[in-house]
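Asker: Provide a 3D model corresponding to the input given below.
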Amino acid sequence: MPRSSLFYETLDELIAAKDGLFVPEVKKASSPADDQARLFLEIVAFRERYGREPDAQSRSPEEMRLGVRLAAFRKAPEKARGLANFDQYELLTAVASEKDAVPASLDDLIASGDDLLVTPDDHIFEFRATPAPMPKAESDMIAERVPCKEFEKFAPIFDEFVSDIASGVRTTVPTNSTYQIATGDMFIVDGQLAYIADVGAWMTRGDQKDARLRIVYDNGTESDHLLRSFGKALYRADNSRRVVSPEAGPLFYGRDLPVTGCIYVARTLSDDPALIDLRDHILKLGSTTGAAANRLAGAENDPTFLLARARVVTEYETRGVPPKKIEGLVHRFFAGACVNVQIPDRFGRKVDPREWFFVSPESVDQAMRLIATRKLHLYDYEVGEDRLIPRS
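Answerer: Residues are numbered from 1 along each chain as shown. Presented below is the predicted three-dimensional model:
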């Protein structure tokens, strides 16, 4: 018998015997759980590489994609439980905090929550759980307007505000959801002037602070809304505004508000060849609840200071507002001038400091003055010309 015949005969026998060598391998279809694990492990790999979780607001598309994915996993308890065995860095058990989102106007910044009513120690790595909703029975009480029996005492105040607005001594700025309200404040809501004649004692309702207000309106009526209820009314009303005066309502002086920290401007003293040409043109815009000099101590070991010594160019004292919130406002305003630089930390991992900007001290000073007079939202920053220009 020819050799070829012997070969085919043997092959037929092998196939007939269903030898495993001739059984085609069928790839097992991946399950949804496998797909979720693969997607989550990409986030874990990012954490291992950079020593931090991905930021959903990152300028890097890849990091932003992973940050958004992580946020989605955290909002899906069933998926999170299924990934527990892969969560070695407890990425899914961290409580997601609200970002220091920077509002369009400074009044919205001040009104961004109860942080201003508790402690000025606002740190980017501190997370707070979402407060429990207020009991329905308590929040449903509606304060009715009644005639103001002492309106003749308040009428001159309204006349003064109207005259000052007309002459430009006072200005009005958009506002909504305003919970930082003090005696003497004036608002425009639903086309009426509303004067805060008194703020009662603070009380705790659930996990939130509140107070009973005495609000006098220019039509001769008054109400005793709760502070948070009035804030919601401002939010719901169209074109609510706060009446402000540059001399009466700055952030950094006046009203005897407590000092909460400072915004500091620093210049690097790095002798790294890669930074030599940049160090005279970039500034670090940071915040601290203590002294700026103390914040710069040990800068040579801090990646956010480019692992080099630095010196303070100037600093601005903050009053009544956590400095981290002002820092976020400044960073957003100068975002177009943010320096894109990566340096290795002491573990060799790449770090992307995001507090350095191609901006002059003069432009920073102008921005801080506009913040103090609550007018920064009326300006834009022209990166190429390093100047602030009014919005058209």
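
Asker: Ala197 belongs to a strand?
Answerer: Yes - looking at Ala197 with DSSP: H, G, I helix; E, B strand; the rest coil, it is inside a strand.

Asker: distance of it from Arg38?
Answerer: Ala197 is 61 Å from Arg38, where distance means CB to CB, to the nearest Å. Yep, even glycine has a C-beta here, placed from its N, CA and C like the rest.

Asker: which one of those two is surrounded by more residues?
Answerer: Ala197 (18 against 11; other CB atoms under 10 Å).

Asker: need the contact list for the more buried one.
Answerer: Contacts for Ala197 were tallied using CB atoms under 8 Å, 6 or more residues apart in numbering; they are 154, 183, 214-216, 222.

Asker: and with 10 Å instead?
Answerer: 148, 150, 153-154, 157, 183-185, 213-216, 222 (CB atoms under 10 Å, 6 or more residues apart in numbering).

Asker: and the closest residue to Val339 other than its chain neighbours, how many neighbours?
Answerer: Excluding the flanking residues, the one nearest Val339 by CB to CB, 6 or more residues apart in numbering is Trp356, at 4.1 Å. Residues contacting Trp356 under the criterion other CB under 10 Å number 25.

Asker: looks to me like Ala274 is in a helix.
Answerer: Yes - Ala274: assigned to a helix according to three-state DSSP.

Asker: I'd say it and Leu307 touch.
Answerer: No - the pair Ala274 and Leu307 does not pass the contact test of CB atoms under 10 Å, sitting 11.5 Å apart.

Asker: so for these two, which sits in the more crowded spot?
Answerer: Between Ala274 and Leu307, counted using other CB under 10 Å, Leu307 has the larger neighbour count: 20 against 10.

Asker: could I get the phi/psi values of that one?
Answerer: Backbone dihedrals for Leu307, given as degrees, to the nearest 10, come out at phi 50, psi 40.

Asker: and it, how far is that from Leu388?
Answerer: From Leu307 to Leu388 the distance is 31 Å (CB to CB).

Asker: how about stretch 43-53: buried residues?
Answerer: 43-44, 46-47, 50, 53 (16 or more other CB atoms under 10 Å).

Asker: past the host helix or strand of Ala33, which element shows up next along the chain?
Answerer: Assessed by DSSP states H and E, Ala33 sits inside helix 32-50. Downstream of helix 32-50, the next assigned helix or strand under DSSP H and E is helix 61-74.

Asker: tell me what angle that next one forms with helix 32-50.
Answerer: Interaxial angle, helix 61-74 versus helix 32-50 (axes from the mean of the first three to the mean of the last three CA atoms, to 10 degrees): 130 degrees.

Asker: what comes into contact with helix 61-74?
Answerer: Residues from elsewhere that reach helix 61-74 (CB under 10 Å, 6+ apart): 36, 39-40, 42-47, 50, 52-58, 60, 79-80, 82-83, 87, 91-96, 352.

Asker: for that helix, what is the distance to the chain centroid?
Answerer: Computed by CA atoms, centre = their mean, to the nearest Å, the chain-centroid distance of helix 61-74 equals 17 Å.

Asker: and the average pLDDT for it is what?
Answerer: Mean pLDDT, computed over helix 61-74, is 85.

Asker: repeat that for stretch 314-325.
Answerer: Across stretch 314-325, pLDDT averages out at 85.

Asker: below-threshold pLDDT in the stretch 201-350 of the chain: ranges please.
Answerer: 205-207, 245-257, 344-350 (pLDDT under 70).

Asker: tell me which stretches of it form helices.
Answerer: Remark: helices assigned in the stretch 201-350 of the chain by DSSP state H, counting those that start in this stretch are 227-236, 273-276, 292-296, 323-333.

Asker: against which helices or strands is the longest one packed?
Answerer: The one in question is helix 323-333. helix 106-110, strand 259-268, strand 283-288, strand 310-319, strand 356-357, helix 361-372, strand 379-382 (3 or more CB pairs under 10 Å, 6 or more residues apart in numbering; DSSP states H and E).

Asker: winner for burial among those?
Answerer: Across the helices and strands packed on helix 323-333, the average number of neighbours (mean count of other CB atoms under 10 Å) peaks for strand 356-357, which reaches a mean of 25.

Asker: show me the beta-bridge partners of Arg214.
Answerer: Beta-bridge pairing for Arg214 (DSSP bridges): Asp198.

Asker: what about Gln366, distance to Tyr379?
Answerer: 9 Å.

Asker: overlap in contacts of these two?
Answerer: With CB under 10 Å, 6+ apart, Gln366 and Tyr379 have common neighbours 387-388.

Asker: got a markdown table for the helices of the stretch 201-350 of the chain, with distance to Val341 too?
Answerer: Formatted as a markdown table, the helices of the stretch 201-350 of the chain follow (distance: least, CB to CB, whole Å):
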| stretch | distance to Val341 |
| --- | --- |
| helix 227-236 | 40 |
| helix 273-276 | 8 |
| helix 292-296 | 19 |
| helix 323-333 | 15 |
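
Asker: quickly compare these and say which is most buried.
Answerer: When those are compared using mean count of other CB under 10 Å, helix 323-333 is most buried, at a mean of 23.

Asker: hmm, back to that, now the buried members of the contacts of Ala197.
Answerer: The buried subset of the contacts of Ala197 - by 16+ other CB under 10 Å - is 148, 154, 157, 185, 213-216, 222.
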